[in-house]
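S.K.: generate a structure from the sequence data that follows.
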Amino acid sequence: MELTKKLDLIKLIKITSLILLGSLLLTLSAKIKIPFYPVPMTMQTFVVLFMGVAFGWRIAVATITLYLFEGAIGLPVFAGTPEKGLGLSYIIGPTFGYLIGFLVSAFLAGYLNFKTNLLNVFVKLIFCVSIIYILGMFWLGILIGWDKPIFELGAKPFLLAELFKLLILTLIAKKIIFFKNFI
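M.R.: You can find the predicted model right below:
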């Protein structure tokens with residue numbers, strides 16, 4: 001019984017550490033950016049998918065939830081903060097759909113099986129990241145108007161870089177899955 005409690009505590013410490021580290025990694029990936037209008041290009045999509053593949057959907061979603069909470073209470077964790085605002089006023093701006101897409105995409109990346117061949121892994125990752133862009137463009141259309149070139153503003157400038165990030169993640173996916181065994 002004592003050993004079971006000790007093992008449960010160790011597992012809780014591991015999971016909590018991963019969530020905190022993941023939130024920090026998401027923050028760092030948001031700060032490394034190439035400016036675009038209205039949404040900057042960052043490494044966040046790579047980190048979101050990486051966490052899903054490496055740690056599973058529960059830890060990935062918990063990490064992104066913590067990250068969103070940190071941003072909601074005014075910590076400068078997002079791309080464009082603090083210079084473009086903080087807290088809820090920033091969250092409901094142009095990036096809101098993308099941020100919600102992080103949650104859905106992390107869930108899918110953690111839920112899907114990536115122990116298949118490289119082509120299947122690549123297609124699954126494209127599906128996961130597409131959710132981020134679909135939700136992002138949907139919110140962008142609501143916010144700035146559907147008469148604007150939503151695809152040209154919210155997705156097109158990022159597609160080439162996104163493909164590169166997905167190729168890297170595809171090549172390392174099978175190697176990072178082993179992290180799930182240590183949790």
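
S.K.: ranking helices and strands of the protein by mean pLDDT, which lands last?
M.R.: strand 33-34 (a mean of 74; mean pLDDT, DSSP states H and E).

S.K.: sheet-wise, list the partners of the helix or strand following that one with their directions.
M.R.: Remark: after strand 33-34, the chain's next helix or strand is strand 41-42, criterion DSSP states H and E. Partner strands and pairing direction for strand 41-42 (DSSP bridges) are strand 33-34 (antiparallel).

S.K.: chain center to the strand it pairs with: distance?
M.R.: 16 Å (CA atoms, centre = their mean, to the nearest Å).

S.K.: could you do stretch 95-104 as well?
M.R.: Worked out by CA atoms, centre = their mean, stretch 95-104 lies 8 Å from the chain centre.

S.K.: tell me the mean pLDDT for it?
M.R.: Stretch 95-104 shows a mean pLDDT of 96 in the predicted model.

S.K.: biggest helix in this protein by residues?
M.R.: Criterion DSSP state H: the longest helix present in the chain is helix 2-31.

S.K.: and that helix, what's buried?
M.R.: Across helix 2-31, burial judged by 16 or more other CB atoms under 10 Å covers 15, 18-19, 22-23, 25-27, 29-31. (C-beta placed from N, C-alpha, C; glycine too.)

S.K.: okay if I get the residues you listed as a markdown table plus pLDDT and distance to residue 146?
M.R.: As requested, the buried residues of helix 2-31 are exported to a markdown table (pLDDT from 0 to 100; distance: CB to CB, whole Å):
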| residue | pLDDT | distance to residue 146 |
| --- | --- | --- |
| 15 | 94 | 42 |
| 18 | 95 | 40 |
| 19 | 97 | 37 |
| 22 | 97 | 35 |
| 23 | 98 | 34 |
| 25 | 97 | 35 |
| 26 | 96 | 30 |
| 27 | 96 | 32 |
| 29 | 95 | 30 |
| 30 | 92 | 27 |
| 31 | 91 | 31 |
